[in-house]
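[1] Kindly generate the corresponding structure for this input.
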Amino acid sequence: MKSITATILLALSLLCSPAARGQGAAEAGADGSRSRIKIALNLYSFNTPLTDGSETLESVIEYCSDAGFAAVDATGYYFAGYPQPPADDEINRLKYHAFRRGIQFSGTGVRNDFTRVDGAALAAEIRHVKDWIVVAARLGAPSLRIFAGAGVPEGDTWDATARRVAAAIDECGDFALQYGVTLALQNHNDFLKTAEDVEKLFALIRSSAVGLMLDIGSFHNDPYREIEQTIGYAVSWQIKENVFIRGTETPADIPRVMDIIRRSSYRGYVPIETLGRGRERERAGEMLRKVCAAGEILESTH
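    Sure thing, here's the model as predicted:
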């Protein structure tokens, strides 16, 4: 009979080996369903080197393949000519490069602001998101990260702004349905600051093509409660190194976060995003190991 330690080590090695490509073991969630996660890297983790040219999308994809990530969230900012959509040749070249290295695309993302009051400016933001919905579909990315917007404009109210944001998201969501793309709305401590903000906005959104990119670092009061409160909306994640507890930045309790995910019925990609400058490869690898180490408490299926 195997010892408990040997069983745990076997489960951890199966979960986190490069061969497993970051794919987690299945386990029953709170509702009895089976949960399966795949660990991805949000390429904003390499923002500085991707911006200054010391890394390319191709080189970061190669790193992710070697490190054992299952996928990348290829933020749109790093494609040539952003905010304009990339040429088909660029998309096809990157798809082939990722395919040959066993890397999937968990998503891509844009900057947008749906809180704008001016009608022409808001229409331009909607067109921008629609353009990148098409890019996501061409890339084979199942989701496009969007924002609600910068905040409540001067002279406006939160509720009035929320109705405008929800209408813009619904229009984009209807468009996204035609392309098989899900919009992943990120809580970013901007217009969406709290779990209650997320709940109120989703109550106004009718499109079935919209879910939450649950950013654990952007709830600045009681993050673990707020993660649990909003996980039912989640279609993707940003697992960050730090969280804010009553406004104070502190290292994230990754085992606690992974346990919340495990106890839910969430299935799908769980992207990591490391912030800051320098040691990008080392820091991304350290976060991957932390997330994998949290898998020690997964029940082995072997």
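[2] Quick one: low-confidence residue ranges for this protein.
    1-35, 295-302 (pLDDT under 70).
[3] Could you state which residue of it sits nearest its centroid?
    residue 237 (3.7 Å; Cα atoms, centre = their mean).
[4] Might one say that it is in contact with residue 211?
    No - applying Cβ atoms under 8 Å as the test, residue 237 and residue 211 come out as separate, 10.9 Å apart. Heads up, the C-betas are built off the backbone N, CA and C, glycines and all.
[5] Give me the neighbour count for residue 234.
    Here the number of neighbours of residue 234 (other Cβ atoms under 10 Å) works out to 18.
[6] Pop out the phi and psi values for it.
    Reported as degrees, to the nearest 10, the phi and psi values for residue 234 are phi -70, psi 130.
[7] So the residue lying closest to it once chain neighbours are set aside versus residue 156, what's the distance?
    Leaving aside its chain neighbours, residue 234 sits nearest to residue 214 (4.4 Å; criterion: Cβ to Cβ, 6 or more residues apart in numbering). To residue 156, residue 214 is 26 Å away according to Cβ to Cβ, to the nearest Å.
[8] Which one of these two is surrounded by more residues?
    residue 214 (29 against 13).
[9] Wasn't that one part of a helix?
    No - counting by DSSP: H, G, I helix; E, B strand; the rest coil, residue 214 is not part of a helix but strand.
[10] On the strand side of things, show who it bridges to.
    Judged by DSSP bridges, the bridge partners of residue 214 are residue 237.
[11] Just to check, it is in contact with residue 187?
    Yes - judged on Cβ under 8 Å, residue 214 makes contact with residue 187 at a distance of 6.9 Å.
[12] Can you pull the residues that touch both of these two?
    Taking Cβ atoms under 8 Å, 6 or more residues apart in numbering as the contact rule, residue 214 and residue 187 both touch residue 230.
[13] which residues of this structure fall in strands?
    Remark: strands assigned in the chain by DSSP state E are 27-28, 34-35, 37-42, 71-75, 104-109, 143-147, 182-186, 210-215, 234-238, 242-245, 248-251, 268-272.
[14] Residue 268 and residue 236 touch, don't they?
    Yes - contact criterion Cβ under 8 Å: residue 268 and residue 236 qualify, at 6.9 Å.
[15] Show me which of the two is the more surrounded one.
    Legend: neighbour count by other Cβ under 10 Å for residue 268 and residue 236, higher for residue 236 (28 against 18).
[16] Contact partners for that one?
    Counting by Cβ under 8 Å, 6+ apart, residue 236 makes contact with 73, 106-107, 143, 145, 184, 211-214, 268-271.
[17] Using TSV, lay out those residues together with distance to residue 126.
    TSV is the format used below for the contacts of residue 236 (distance: Cβ to Cβ, whole Å):
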residue	distance to residue 126
73	22
106	24
107	19
143	18
145	16
184	17
211	19
212	20
213	19
214	24
268	26
269	26
270	29
271	25
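[18] and residue 83, how many residues sit next to it?
    Neighbours of residue 83 under the rule other Cβ under 10 Å: 13.
[19] Check residue 152 too.
    So residue 152, with other Cβ under 10 Å, has 15 neighbours.
[20] Excluding chain neighbours, what is closest to residue 242?
    Distance criterion Cβ to Cβ, 6+ apart; nearest residue to residue 242, sequence neighbours excluded, is residue 249 at 5.1 Å.
[21] Could you double-check that the one you found lies in contact with residue 223?
    No - counting by Cβ under 8 Å, residue 249 stays clear of residue 223, with 10.8 Å between them.
[22] Tell me the residues that contact both of the two, please.
    Jointly contacting residue 249 and residue 223 under the rule Cβ under 8 Å, 6+ apart are residue 243.
[23] Compare neighbour counts for the two and give me the winner.
    residue 223 (25 against 12).
[24] dump the residue contacts of the closest residue to that one other than its chain neighbours.
    Of all residues not flanking residue 223 in the chain, residue 243 sits nearest, at 4.4 Å (Cβ to Cβ, 6+ apart). By Cβ under 8 Å, 6+ apart, residue 243 lies in contact with 216-217, 219, 223-224, 249-253.
[25] Could you dump these into CSV and include distance to residue 204?
    Shown next, in CSV, are those (distance: Cβ to Cβ, whole Å):
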residue, distance to residue 204
216, 24
217, 25
219, 20
223, 24
224, 26
249, 31
250, 33
251, 35
252, 30
253, 32
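[26] Tell me the one of these nearest residue 90?
    Nearest to residue 90 among the contacts of residue 243, counting by Cβ to Cβ, is residue 217 at 30.4 Å.
[27] for the nearest residue to the closest one once chain neighbours are set aside, what are its contacts?
    Closest residue to residue 217 apart from its sequence neighbours, by Cβ to Cβ, 6+ apart: residue 240 at 3.6 Å. By Cβ under 8 Å, 6+ apart, the residues touching residue 240 are 215-217, 252, 272-275.
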